[in-house]
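Trainee: Give me a 3D structure for the following:
(3 chains)
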Amino acid sequence: MSKSKRSRKKKFERYDGREATELRPITIESGVLPNADGSAYIEMGLNKIVVGVFGPREMHPKRLAKPNMATVRCRYHMAPFSVDPRRSPAPSRRDNEISMVMRYALEPAIFVERYPRSAIDVYAEIIQADGGTRTACINAATVALVDAGIPMRDLVASCAAGKMDDNLILDLGDYEDKEGQADIPVAYMPKLNKITLLQMDGMVSKDEFESCVNMAIDGCNQIYEIQREALKKKYGLDEQPQEEN
Amino acid sequence: MSGIGIVSRLKRKKISEVIATGKRMDGRSLTDHREIMVKTSFLEKSEGSAEVHLGKTRVIVGVKVGTGTPFEDTPDKGVLICNAEFTPIAHPTFEPGPPPEKAIELARVVDRGLRSAEILELEKLCLIPGKVVLMVFVDLYVINYDGNLIDCSAIGALAALKNAKYPVYKVKDGEVEKTDKLNDLVVKREPLAVTMVKIDNNLIVDPSADEEEVMDARITITLDKDDNVCTVQKTGSEGFTVEELKKVINIASEKAAEYRKHL
Amino acid sequence: MSALFENRDLVVPGDVLYEGRIRTGDNTFRFEGKVCANRIGLVNYTQNMVSVIALEAGFNPLSGDLVIGDIIEIELGRWLVDIDTPEDAQLNVPDAIDSPFRSDIVMPDILDVGDTIVAKIVDMDRRGTPILSILGRSLGKIEEGFMMRLTPSKIPRLIGKKGSMVNMILKETGCSIIIGQNGRVLINGKTREQEMQAVSVIEKIDKEAHISGLTNRVQEYLKTIKEENR
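Mentor: Reported below is the predicted structural model:
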């Protein structure tokens, strides 16, 4: 928990009063949709996102199916009322890019070789957006994939670090996304210690970049515990004693 | 699941058998509706919001109020627009993409219900005649499909509008300014939809997805709180007799009153 | 060499279950000398093997499995059957009518789109597509009853040791129950009441399969619902 060390200037305050390395409140629930093979609902700050997973299932059109593995298809879609002012429900270029980025983050964790020629569909619906939606989607999508019984190597946790008013911060809210100096979203497989997604927007020094990545990984480790609890909770087993990691 | 649009013969047969005994597959009577849950005003960034569960069918409704230019033929009236999205998480056969025919029908039926009942006094939503009016968007977001999206969405639309609060706009020197004050959206007549399907000449209220799959015909009646009929929509290959229509309207009136208790 | 969890602990994908040499069972994988879980479930340590009893898993088709499916398409000489696998199963004419395909056979007269069948997986072709047969006693088209769906990994609990669980349900509810390894169950009872009793018991098993003491709870439950209906 690092506060600004500049005692002569005004103390650094975030828009919602958080510490620089503090995550927003996060809750995750698994198995929330009756019709999906797997599903999860996440609230991360004011973000409210529901993810549904279908598959492995037949891929249509068949000619696009991969002969040796499953095709993971991700879709990031925002409800018109998820932002202010209202936006059109039609997908934008940003939506398409984030859909792709979700796939990059999740695919390394999935045993796709097990299901040749089939499709694994991951649909994220943003009910309300407040900065860091791609990281929230990845966190929920991981839980939904496990809920669907799709074999995975590890969970994937995600959060963003960045810079605001010359301070390095964790888990940027909407205001910090828009007004800040840098935004660095990271997705990470905690047990395998591998980063599956890394993007950057803005400007930081090399040292600051490294600090941000480490801060983000720290945040991911915290989120990993929340994902575990969410998965256990569905079976009424979330009060079990913590095993050593 | 790849059996898109194929009706299982076994399912059809079983549903018919059970309905002949006056019950349905989930134990309901022919005129019982499923359990209803309504949650309102839970989206901080929307002027109005509601989530409705009707059995396993779930719809989230968001109401956004902004400013815009009025339609040419009604220069001093605000604008009300309904839109529906069938999200691919709602059912394994729902595909991502623009709204399919059924989604457009859903939006239009709910829209007609709201409009015919004049739920909003659109003349009061005018800021600068001919130039700037309030635009009220009602977005129906289908989250899980198990039949009867119309009734579920209509309850959600009414609940979201009833609880909506929107910013007060001031007109100054021909410009529109947003203030920090909030207004309650004024809602009149409170229309609600009641949908029934016909299976083997039985009228069945609040159909599940399976019942919609095997139905012979479907009809929706929208009524306001004084029991006036605002909208009717009939689909399906079979017809209704005049006698049946009388029954339909009576049942709809009863059911609308029951739905109303949840708002 | 050590087990890192207690027997029947809940584990998630990525959890390291064992370090060292040991046989790996269902829902595990080996990585850098460690055995890890690849699905959420209860870890099971035996003397020489570690596996995970999955709480959530799709149906993994194996030769010999009894399955329940719906005919979704008719092709020349074969039907395509939906059995909830990533690829649809195939039923060839010689495996349905015990005689080779002749051009005067009217396939929809034998099985039409929308029909439900009980079948056995007799083979998996090179691409992993299940090949079915309905030749055999108690296989073939279903004319009566209705279908329920469970998570496939719960089916062994529904059957019970040597059929003990399902036999108990048969006896207490008087319904006929056909269980597909693919998570589909066909129920047919003499009264609607009996059928709904069977449905509610099976739903309970689906929800509580992982909690020990299931057999006793189900016995109690069957008693209660039968009394309620008196």
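
Trainee: What are the boundaries of the helices in the chain?
Mentor: You didn't say which chain, so I picked chain A. A:93-106, A:133-147, A:174-179, A:206-233 (DSSP state H).

Trainee: Can you look at chain C instead?
Mentor: C:94-97, C:107-110, C:155-159, C:164-173, C:192-208, C:214-228.

Trainee: which one of those lies closest to chain B?
Mentor: helix C:192-208 (6.1 Å; Cβ to the nearest Cβ). Yep, even glycine has a C-beta here, placed from its N, CA and C like the rest.

Trainee: Mind listing residues that contact the closest one?
Mentor: Outside helix C:192-208, the residues that touch it by Cβ atoms under 8 Å, 6 or more residues apart in numbering or on different chains are B:18, B:21, B:23, B:27, C:146, C:148, C:150-151, C:154, C:157-158, C:165, C:169, C:172-175, C:177, C:185, C:187-189, C:214, C:217-218, C:221-222, C:225-226, C:229.

Trainee: Pick out the residue of the stretch 151-263 of chain B closest to chain C.
Mentor: The nearest approach of the stretch 151-263 of chain B to chain C comes at B:Asp210, 9.6 Å away (Cβ to the nearest Cβ).

Trainee: State the number of residues packed around the residue in the stretch 151-263 of chain B positioned nearest to chain A.
Mentor: The stretch 151-263 of chain B approaches chain A most closely through B:Ala209 (8.9 Å), counting by Cβ to the nearest Cβ. Close neighbours of B:Ala209, defined as other Cβ atoms under 10 Å in any protein chain shown, add up to 17.

Trainee: residue contacts, A:Asn47?
Mentor: Listed by Cβ under 8 Å, 6+ apart, the contact partners of A:Asn47 are A:Ile126, A:Gln128, A:Ala129, A:Asp130, A:Gly131, A:Gly132, A:Thr133, A:Ala136.

Trainee: Quick check: closest non-adjacent residue to the last one.
Mentor: If the residues on either side of it in the chain are set aside, A:Ala136 comes closest to A:Met44, at 4.2 Å by Cβ to Cβ, 6 or more residues apart in numbering or on different chains.

Trainee: circling back to that earlier point, buried among the contacts of helix C:192-208? Make that a PyMOL selection.
Mentor: Selection command for PyMOL covering only the buried members of the contacts of helix C:192-208, criterion 16 or more other Cβ atoms under 10 Å in any protein chain shown:
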select buried, (chain B and resi 18+23) or (chain C and resi 146+148+150+151+154+157+158+165+169+172+173+175+177+185+187+188+189+214+218+221+222+225)
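
Trainee: Chain A next: which of the contacts of helix C:192-208 are close?
Mentor: By Cβ under 8 Å from any Cβ of the partner chain, the members of the contacts of helix C:192-208 lying near chain A are C:Thr151.

Trainee: Taking the stretch 101-250 of chain B, what residue is nearest to chain A?
Mentor: B:Asp139 (4.6 Å).

Trainee: which element is that residue on?
Mentor: Assessed by DSSP states H and E, B:Asp139 sits inside strand B:132-144.

Trainee: Could you please name the strands that strand pairs with and the direction of each pair?
Mentor: Here strand B:132-144 is paired, per DSSP bridges, with strand B:57-68 (antiparallel), strand B:79-86 (parallel), strand B:126-128 (antiparallel).

Trainee: Could you say which of those strands is packed most deeply?
Mentor: Of all the strands paired with strand B:132-144, strand B:57-68 has the most neighbours on average by mean count of other Cβ atoms under 10 Å in any protein chain shown, namely a mean of 24.

Trainee: Am I right that B:Ser153 is in contact with B:Val110?
Mentor: Yes: taking contacts as Cβ atoms under 8 Å, B:Ser153 lies within contact range of B:Val110: 5.1 Å.

Trainee: sorry, back to before: for the residue nearest to A:Ala136, give its distance to A:Arg24.
Mentor: Per Cβ to Cβ, to the nearest Å, A:Met44 is found 6 Å from A:Arg24.

Trainee: Mind checking which of those two has more residues around it?
Mentor: Between A:Met44 and A:Arg24, A:Met44 has the larger neighbour count (other Cβ under 10 Å), namely 28 against 20.

Trainee: residues contacting the more buried one?
Mentor: Taking Cβ under 8 Å, 6+ apart as the test, what A:Met44 contacts is A:Arg24, A:Pro25, A:Ile26, A:Gly132, A:Thr135, A:Ala136, A:Asn139, A:Asp171.

Trainee: ok, now which ones touch the first one?
Mentor: This means A:Arg24. A:Asp16, A:Arg18, A:Met44, A:Gly45, A:Asp171, A:Gly173.

Trainee: What of C:Ile177?
Mentor: Contacts of C:Ile177 (Cβ under 8 Å, 6+ apart): C:Val166, C:Ile169, C:Leu170, C:Val185, C:Leu186, C:Ile187, C:Ala198.

Trainee: now, which of those sits nearest chain A?
Mentor: C:Val185 (17.7 Å).

Trainee: does the closest one have beta-bridge partners, and which?
Mentor: C:Met148, C:Ile179.

Trainee: Check what pLDDT it gets.
Mentor: With respect to pLDDT, C:Val185 scores 97.

Trainee: For chain B, see how far away it is.
Mentor: According to Cβ to the nearest Cβ, to the nearest Å, C:Val185 and chain B sit 13 Å apart.

Trainee: Pretty sure that residue sits against C:Lys154.
Mentor: No: look at C:Val185 against C:Lys154 with Cβ under 8 Å: they stay out of range, at 10.4 Å.

Trainee: ok but B:Ser153 is inside a helix, no?
Mentor: Yes: B:Ser153 forms part of a helix when assessed by DSSP: H, G, I helix; E, B strand; the rest coil.

Trainee: what's the burial count for it?
Mentor: 29.

Trainee: And the pLDDT at it?
Mentor: 98.

Trainee: quick one: contacts for it?
Mentor: So B:Ser153 contacts B:Val52, B:Val59, B:Val61, B:Ala84, B:Leu106, B:Val110, B:Leu140, B:Val142, B:Ala193 (Cβ under 8 Å, 6+ apart).

Trainee: among the residues you listed, which two are most distant?
Mentor: B:Val142 and B:Ala193 (14.9 Å; Cβ to Cβ).

Trainee: ok, these two, which is more surrounded?
Mentor: B:Ala193 (29 against 24).

Trainee: Looking at strand pairing, list the partners for the more buried one.
Mentor: B:Thr222.

Trainee: Give me the neighbour count for A:Ala90.
Mentor: A:Ala90, neighbours per other Cβ under 10 Å, totals 9.

Trainee: Leaving out chain neighbours, which residue sits closest to it?
Mentor: B:Pro98 (7.5 Å).

Trainee: now swap in B:Val197 and tell me
Mentor: B:Met215 (3.9 Å).

Trainee: go on, B:Ile221?
Mentor: B:Ala252 (3.9 Å).

Trainee: Please spell out which residues along the helix or strand that that neighbour is a member of are buried.
Mentor: In this structure, B:Ala252 sits in helix B:242-260 according to DSSP H and E. Neighbour-count burial for helix B:242-260 flags B:Glu244, B:Val248, B:Ile249, B:Ile251, B:Ala252, B:Lys255, B:Ala256, B:Tyr259 (criterion: 16+ other Cβ under 10 Å).

Trainee: Looking at those, which two lie furthest apart in space?
Mentor: Of all pairs in the buried residues of helix B:242-260, the most separated under Cβ to Cβ is B:Glu244 and B:Tyr259 at 21.4 Å.

Trainee: how is chain C carved up into domains?
Mentor: Following automatic domain parsing, chain C resolves into domains at C:2-54, C:66-141, C:146-228.

Trainee: Nearest to B:Gly239 among the ones you listed would be which one?
Mentor: Here domain C:66-141 is closest among the domains of chain C (Cβ to Cβ), at 24.6 Å.

Trainee: What's the end-to-end length of the closest one?
Mentor: 14 Å (Cα to Cα, to the nearest Å).

Trainee: now the helices for the stretch 101-250 of chain B?
Mentor: B:101-116, B:149-162, B:209-214, B:242-260 (DSSP state H, counting those that start in this stretch).
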